[in-house]
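Chemist: no FASTA, just this:
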């Protein structure tokens with residue numbers, strides 16, 4: 001799935017992905033971006049501690065919303081979730097596939 005971003009008179013398709021990033025203290029952010037590395041770097045300056053990109057999977061805002069609902073019991077606030085065995089298991093599969 002892709003979104004289209006207007007660029008002057010041209011339209012340019014952009015692939016999105018859902019990313020998982022962990023704060024040093026443990027909470028995990030589930031977000032969406034077409035460039036997750038840049039997104040994590042961008043939000044790092046507004047956070048009180050370091051954040052690390054853990055992995056990504058293809059998807060858009062719909063998949064992000066679905067994952068937010070699946071892990072609703074772990075939600076701390078906004079897009080941050082407490083690490084849990086089932087969330088860690090999902091992230092481990094992303095890390096294994098990426099290596």
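Modeler: Nice, I can see it. Keep in mind it's a predicted model, so treat the numbers as computed, not measured. Residues are numbered from 1 along each chain as shown.
Chemist: Could you find the closest non-adjacent residue to the spatially most central residue of the chain?
Modeler: By CA atoms, centre = their mean, the chain has its centre lying nearest to residue 19, at 2.3 Å. Among residues not flanking residue 19 along the chain, residue 36 sits closest, at 3.7 Å (CB to CB, 6 or more residues apart in numbering). All C-beta spots, glycine's among them, are computed from the backbone N, C-alpha and C.
Chemist: mind listing what that neighbour touches?
Modeler: By CB atoms under 8 Å, 6 or more residues apart in numbering, residue 36 lies in contact with 17, 19, 21, 53, 56.
Chemist: Counting neighbours, which of these end up buried?
Modeler: Neighbour counting with 16 or more other CB atoms under 10 Å marks 17, 19, 21, 56 as buried within those.
Chemist: host element of residue 30?
Modeler: Residue 30 belongs to strand 28-33 when assigned by DSSP states H and E.
Chemist: my guess is residue 23 meets residue 44, correct?
Modeler: No. With contact defined as CB atoms under 8 Å, residue 23 does not count as touching residue 44 (9.9 Å).
Chemist: Please, where are all the strands along the protein?
Modeler: Remark: strands assigned in the chain by DSSP state E are 2-7, 10-15, 17-23, 28-33, 51-58, 75-77, 80-81.
Chemist: Now residue 81. Nearest residue, chain neighbours left out?
Modeler: Nearest non-adjacent residue to residue 81, counting by CB to CB, 6+ apart: residue 74, 4.3 Å away.
Chemist: With that, I have no additional questions.
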